[in-house]
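Peer 1: Just need the structure, nothing else, for what follows:
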Amino acid sequence: MRSFVLVPVLLALGSASLFASVDRGLLAMVPADAKIVSSIDVTQARNSDFGQYLLSRTQNDNHDFADFVEQTGFDPRRDLQSLIFESPGTAADRAQSRFAILARGTFDEDRIRSTAQAKGGTIESYNGIKLLLPPGDGHKIAIAFPEAGVAVMADLGTMHEILGNRANPIVLDSRLGQLIDQVADNNDAWFVSLIGGQFLHGNFNRTAKQPPQAAQAAQALQSILESSGGIRFGSTVDVTVDAVARSPQDATSVADVVRFLASTLQMQREKDPRAAILASALDTMNLTTNSDKVHLSIAIPEKSMEQLAELGPGPNRRGKK
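Peer 2: A predicted model of the protein is given here:
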């Protein structure tokens, strides 16, 4: 089913930010039960060498995207400034997953609403704010502009919570706030999570190919209690990830999993040019443990990032054989 207006754009950019100082105005709108928060300073990323490279590769011959820009007057390559994604975690019922994507930028609200209605969307009001509801989704997602220069896309329940709390200061979990303060100021994109390793554990089980190692890795990843990380753009793209495990022994096991994954990739360097590029960065990665904490940092030359972008997705991506 085809979505409309900001839905595909904000979803794509929000997922890109699953990892710049934080936009405190947007952060103040994040619901108090958030357990995962990620952000990207779009302006800073866009002005980096790699951001400029990606923009130079952007083609206007994508007719759907060109039509979207023409109809709404919104071009994310130009008009977005910052993004925050938040979620209270994985819902038991995936159909009821809760999330919010908050964006700061330049939005022609009237033009966007008109385009939405022309495509079958509807408009409702909540607390004096107009909600755009996509067609055919059972009104599970809504888009709103609660103040000038701010757009929010969220499930309907989260949207009501955000709009209902506009007059009241939001108090995030204190530990979540501490993690945000640690990663936000020194990174162009970052993430923090108070969700345990069950999510990583489940995803690793679906992708690992060697049962014995996979079982050990899954057990180690399940021991993670919290994690955070960031990306800083420059002549090198610097990536850092920190995690806290249940015990020093678990932290050592998590580090062993990272080494196992790195060695698996490095063994593919002669067969896959993408693996060769990443393997060179992994050769110099910094991986340490300190009691129950794990720290990982990797520096990838910006030119290597361009090479990866030129090569595109690997041949074994979903849908390909």
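
Peer 1: From now on I want contacts and neighbour counts done on CA atoms only, so please keep to that.
Peer 2: Fine.

Peer 1: can you dump the C-alpha coordinates of the helix or strand encompassing residue 132 into PDB?
Peer 2: Element membership of residue 132, judged by DSSP states H and E, is strand 129-133. The C-alpha trace of strand 129-133 is given here as PDB (Å, rounded to 0.1, in the frame of the first residue of the first chain):
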ATOM      1  CA  ILE A 129      -3.500  20.600  16.400                       C
ATOM      2  CA  LYS A 130      -4.400  19.200  13.000                       C
ATOM      3  CA  LEU A 131      -3.400  15.600  12.400                       C
ATOM      4  CA  LEU A 132      -2.800  14.100   9.000                       C
ATOM      5  CA  LEU A 133      -3.900  10.500   8.800                       C
END
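
Peer 1: Show the average pLDDT along that strand.
Peer 2: When pLDDT is averaged along strand 129-133, the result is 94.

Peer 1: how about it: buried residues?
Peer 2: Across strand 129-133, burial judged by 16 or more other C-alpha atoms under 10 Å covers 130-133.

Peer 1: With stretch 231-248 instead?
Peer 2: 231-234, 236-246, 248.

Peer 1: repeat for stretch 155-174
Peer 2: Across stretch 155-174, burial judged by 16+ other C-alpha under 10 Å covers 155-156, 158-159, 162-163, 165, 170, 172.

Peer 1: Is it possible to get a markdown table of those that adds pLDDT?
Peer 2: Shown next, in a markdown table, are the buried residues of stretch 155-174 (pLDDT from 0 to 100):
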| residue | pLDDT |
| --- | --- |
| 155 | 94 |
| 156 | 93 |
| 158 | 95 |
| 159 | 96 |
| 162 | 95 |
| 163 | 94 |
| 165 | 88 |
| 170 | 82 |
| 172 | 92 |
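
Peer 1: Among those, which lie within helices?
Peer 2: Taking DSSP state H, the ones among the buried residues of stretch 155-174 that sit in helices are 156, 158-159, 162-163.

Peer 1: quick one: which of the residues you listed is nearest to residue 295?
Peer 2: The shortest approach to residue 295 among those belongs to residue 158, at 33.1 Å (C-alpha to C-alpha).

Peer 1: That closest one: what's it in contact with?
Peer 2: By C-alpha atoms under 8 Å, 6 or more residues apart in numbering, residue 158 lies in contact with 31, 98-100.

Peer 1: what's the next secondary structure element after the worst-scoring helix or strand of the chain on mean pLDDT?
Peer 2: Lowest by mean pLDDT, DSSP states H and E among the helices and strands of the chain is helix 6-16, with a mean of 45. Per DSSP H and E, helix 6-16 leads on to helix 24-27 as the next helix or strand towards the C-terminus.

Peer 1: For the next helix or strand after that next one, the averaged confidence score.
Peer 2: Past helix 24-27, further along toward the C-terminus, the next helix or strand under DSSP H and E is strand 36-41. Strand 36-41 shows a mean pLDDT of 94.

Peer 1: How far off centre is strand 36-41?
Peer 2: From the chain centre to the centre of strand 36-41 is a distance of 6 Å (C-alpha atoms, centre = their mean, to the nearest Å).

Peer 1: what's the answer for stretch 170-180, then?
Peer 2: 18 Å.

Peer 1: then that stretch to PDB, C-alphas only?
Peer 2: Extracted in PDB, the C-alpha atoms of stretch 170-180 (Å, rounded to 0.1, in the frame of the first residue of the first chain):
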ATOM      1  CA  ILE A 170       8.900  15.900  30.100                       C
ATOM      2  CA  VAL A 171      11.200  14.100  32.500                       C
ATOM      3  CA  LEU A 172      13.000  11.300  30.800                       C
ATOM      4  CA  ASP A 173      14.500   8.300  32.700                       C
ATOM      5  CA  SER A 174      17.500   9.700  34.500                       C
ATOM      6  CA  ARG A 175      19.900   7.000  33.200                       C
ATOM      7  CA  LEU A 176      18.600   7.600  29.600                       C
ATOM      8  CA  GLY A 177      19.400  11.300  30.100                       C
ATOM      9  CA  GLN A 178      22.900  10.600  31.400                       C
ATOM     10  CA  LEU A 179      23.600   8.400  28.300                       C
ATOM     11  CA  ILE A 180      22.300  11.200  26.000                       C
END
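
Peer 1: which residues are contacting that stretch?
Peer 2: 28-35, 191-194, 228.
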